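**Student:** Sequence and predicted structure, then a few things I'm wondering about:
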Amino acid sequence: MVSGGIIALLFICGGLCTVLPFVAMAVFKAKNKDVKISSFFIGCGVFVLFALILEQLLHTVMLPLVGKSTVMYVIYGILAAGIFEETGRFAAFKTVMKDRNDPKEAVMFGLGHGGAEAILLAGLSLLSTALTAVMLNNVGFEELTAMSSGGNAETAELVRSQLSAVSELTAAQVVCSLLERIISMTFHTAMSVIVFESARVKEKLWLFPVSILLHAVCDLPAALYQRQVIPMWAVYPIMAVITAGIVWLAVRSFGRTRELCGEKGA
């Protein structure tokens, strides 16, 4: 059985992960009338193409090769994420967004990039888990296992494992999923501003490889947790501190880019 409080929290956090990106987009657009909403959806598309399709294709080849070594797994994982996502940003700024010189467009893009991640990786997952928890309470563990496995023993064992994980969820785990997405949206928005500068200012092209390294550093705590090197409670404070540093860099980058593109002002 899953408590009513956990189920409610799953629906609330899942709903927030799904709605917050659009709220952020609407608020930013309301305060910056000249910014194009299409930048938000370009960011969404870049995340899907580069992170969910191209990166995952590489994972199918590489993860079996590096999975046995913690060091190789961590190095590969953080660099792959950095390379694919930052290359996606850079490519978008150089192609479909090449005529947009205000770094506010990068902010809108970043909200879309991070927003798509929040919706697809957390929002839908939490809502799906909430529905599974409701079914688990209404139908029962064994009955739901039988319904979901179709009588296949191996599938039944997998379903039991998944249902056990749902029944053992804590409030802290659910809230942390929301917290992680908020940190991640902030991170993606800041990184978009930094990569935008590298795409617009020839002398700042070196910021592109730096952005890949920054992305890798921010992903390091999560990768270490996946390999049980550090506990979960340590992941989010470390990510928050790293993200705060990247936001500081992005604020400085935003000002430089506006000035160099001839659009001075706050």
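**Tutor:** Okay, I see it. Everything numeric in this text was worked out from a predicted model, so none of it was measured.

**Student:** CA only for contacts and neighbour counts going forward, please
**Tutor:** OK.

**Student:** all helices for the chain, in order.
**Tutor:** 4-31, 38-46, 55-66, 70-94, 104-117, 124-139, 141-149, 153-167, 171-200, 207-226, 232-260 (DSSP state H).

**Student:** Can you pull out the residues in contact with the third one?
**Tutor:** This points to helix 55-66. Helix 55-66 has contacts (CA atoms under 8 Å, 6 or more residues apart in numbering) with M72, Y73, Y76, A80, A81, F84.

**Student:** Distance to W233 and pLDDT added to the residues you listed, as TSV?
**Tutor:** Below are these laid out as TSV (distance: CA to CA, whole Å; pLDDT from 0 to 100):
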residue	distance to W233	pLDDT
M72	24	95
Y73	21	95
Y76	23	96
A80	24	96
A81	22	95
F84	28	97
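
**Student:** what would those residues look like in TSV with neighbour count?
**Tutor:** Shown next, in TSV, are these (neighbours: other CA atoms under 10 Å):
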residue	neighbour count
M72	13
Y73	20
Y76	19
A80	20
A81	19
F84	19
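
**Student:** any idea which of these is closest to V241?
**Tutor:** A81 (19.3 Å; CA to CA).

**Student:** shouldn't that closest one be in contact with A51?
**Tutor:** Yes: judged on CA atoms under 8 Å, A81 makes contact with A51 at a distance of 7.3 Å.

**Student:** now L127: how far from L120?
**Tutor:** As judged by CA to CA, to the nearest Å, L127 and L120 stand 11 Å apart.

**Student:** Between these two, which has more neighbouring residues?
**Tutor:** Shown here are L127 and L120; by other CA atoms under 10 Å, L127 has more neighbours (21 against 15).

**Student:** how near is that one to F141?
**Tutor:** 19 Å.

**Student:** Quick check: which ranges of the stretch 51-200 of the chain have low pLDDT?
**Tutor:** Scanning the stretch 51-200 of the chain for pLDDT under 70 picks out 151.

**Student:** ok, back up a step: which of the contacts of helix 55-66 lies at the shortest distance from L214?
**Tutor:** Out of those, the member with the shortest distance to L214 (by CA to CA) is A81, at 10.8 Å.
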